[in-house]
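Trainee: Below are the sequence and a predicted model for it; my questions follow.
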Amino acid sequence: MSFFRLGELAEIIGGHLFGDPDFVVRGVQEPQRAEEEDLIFLFDARALFEVLSSRAKAVVAGRGCKEYLPEKHVIEVDHPRIAFARVLARFSSPFRPPSGIHPLAFVHPRARLGVGVSVGAFSVIEEDASIGDRTCIFPQVYIGKGVQIGADCLIYPQVVVREYCTVGNRVILHSGVVVGADGFGYEWTGERYEKIPHIGTVVIEDDVEIGANTTVDRGTLGCTRIGRGTKIDNLVMVAHNVRIGDHVIIVAQSGIAGSSILEDGVVMGGQAGVTDHCWVGKGARIAARAGVTARVPPGEVVSGFPAQEHHKELRERALVRKLPKMWQKIEELEERVRKLLKE
């Protein structure tokens, strides 16, 4: 593993160092497991005791924290979690096999591979597919006919990218991702369900990351689109003709039904759902397990099912919890009324 001097790390993360700039850090660790030359992070005041009692000599913390850590070398930053991400990137990097085509891979003669591409064993790259420079195709990946994949991508084992789909630059597709499967479209004829062909595509823009076993269906006509910088967790379903904007976050086990639109900066909590043909405005937040069935205005925070403004949902939930006592009170009042009527 690499090592860095604290002065170097302070420059990398844009922080102010209180301590020895030549102190050497050899790793990043949790406070309770750290050794003297590990770097630790203080994200929350509740963890202050753990940080103080840690063997680690160097800490990254928010502005104004040095006074609480008098015995430590401290780098103060505006955003400790952003600093954490940047430091981890310096101490580690994803495994990348050497460039070249494994002898057990199949690459169609009419496929085009850029400079420094790696293709793992038992992967298949079909006719007219194009793979950009330095992209890594791990073992057991299927790349369909006419697929376009940009530069510096990581396509992990058992990913499927179906015919004529497009993947941008610096995209990460984790194991089990399926891009371009048919959408779920059928019409009842009176006797049976007739399949609606899906002849559209999928477009995944630059700097998108998609988690394991997530599916992105192709459009019926046109395309299903995922905007640049969007991050999608594991086990997410994106249906046909969905349009997802830039820098959207979608957490695990969420689902977005056909032809819905999520504008830039939307955040979906875990197990949330959006029904078909819905529109979610820029910067909206959808709480975990919420079910969106109607338009969500830009910047709105919604929760519950059907999803509504979050504070309204909280008030209603509070009233629901009072129902048993309210019901008991009603029964007592009814009994008193019956006694009064008898008198």
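Mentor: All right, it came through fine.

Trainee: Quick check, residue 143 in contact with residue 126.
Mentor: Yes - Residue 143 lies in contact with residue 126 (Cβ atoms under 8 Å); the separation is 6.3 Å. In short, each C-beta sits where N, CA and C put it, glycine included.

Trainee: who's more crowded, the two?
Mentor: residue 143 (29 against 19; other Cβ atoms under 10 Å).

Trainee: residues contacting the more buried one?
Mentor: By Cβ atoms under 8 Å, 6 or more residues apart in numbering, the contact set of residue 143 is 111, 123, 124, 125, 126, 129, 131, 137, 149, 155, 161.

Trainee: can you pull the contacts of the closest residue to the fifth one other than its chain neighbours?
Mentor: It stands for residue 126. What sits nearest to residue 126 in space, not counting adjacent residues and going by Cβ to Cβ, 6 or more residues apart in numbering, is residue 145, at 4.3 Å. Residue 145 makes contact with 126, 127, 128, 129, 163, 164, according to Cβ under 8 Å, 6+ apart.

Trainee: can you do 6 Å?
Mentor: 126, 127, 128, 163 (Cβ atoms under 6 Å, 6 or more residues apart in numbering).

Trainee: Save those residues as CSV, and put in distance to residue 116 and pLDDT too.
Mentor: Formatted as CSV, the contacts of residue 145 follow (distance: Cβ to Cβ, whole Å; pLDDT from 0 to 100):
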residue, distance to residue 116, pLDDT
126, 21, 98
127, 22, 98
128, 21, 98
163, 25, 98
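
Trainee: Buried by neighbour count, from those: which ones?
Mentor: 126, 128, 163 (16 or more other Cβ atoms under 10 Å).

Trainee: these two touch, right, the second one and residue 148?
Mentor: No - Residue 128 is beyond contact range of residue 148, at 9.3 Å (criterion: Cβ atoms under 6 Å).

Trainee: How many neighbouring residues does residue 7 have?
Mentor: Neighbour tally, residue 7, other Cβ under 10 Å: 15.

Trainee: tell me the contacts of it?
Mentor: Counting by Cβ under 6 Å, 6+ apart, residue 7 has contacts residue 21.

Trainee: Confirm it sits in a helix?
Mentor: Yes - counting by DSSP: H, G, I helix; E, B strand; the rest coil, residue 7 is found in a helix.

Trainee: Please tell me how far it sits from residue 329.
Mentor: Going from residue 7 to residue 329 by Cβ to Cβ, to the nearest Å gives 68 Å.

Trainee: Residue 133 now?
Mentor: To residue 329, residue 133 is 72 Å away according to Cβ to Cβ.

Trainee: The two - which one has more neighbours?
Mentor: Comparing residue 133 with residue 329 by other Cβ under 10 Å, the one with more neighbours is residue 133, at 15 against 11.

Trainee: list the contacts for that one?
Mentor: Applying Cβ under 6 Å, 6+ apart, the residues near residue 133 are 114, 115, 116, 151.

Trainee: and it, which of the three is it?
Mentor: Secondary structure, three-state DSSP: residue 133 is coil.

Trainee: How about it, nearest residue that isn't a chain neighbour?
Mentor: residue 114 (3.7 Å).

Trainee: What pLDDT is listed against that neighbour?
Mentor: Here the pLDDT value assigned to residue 114 is 97.

Trainee: pretty sure it contacts residue 132?
Mentor: Yes - with contact defined as Cβ under 6 Å, residue 114 counts as touching residue 132 (4.9 Å).
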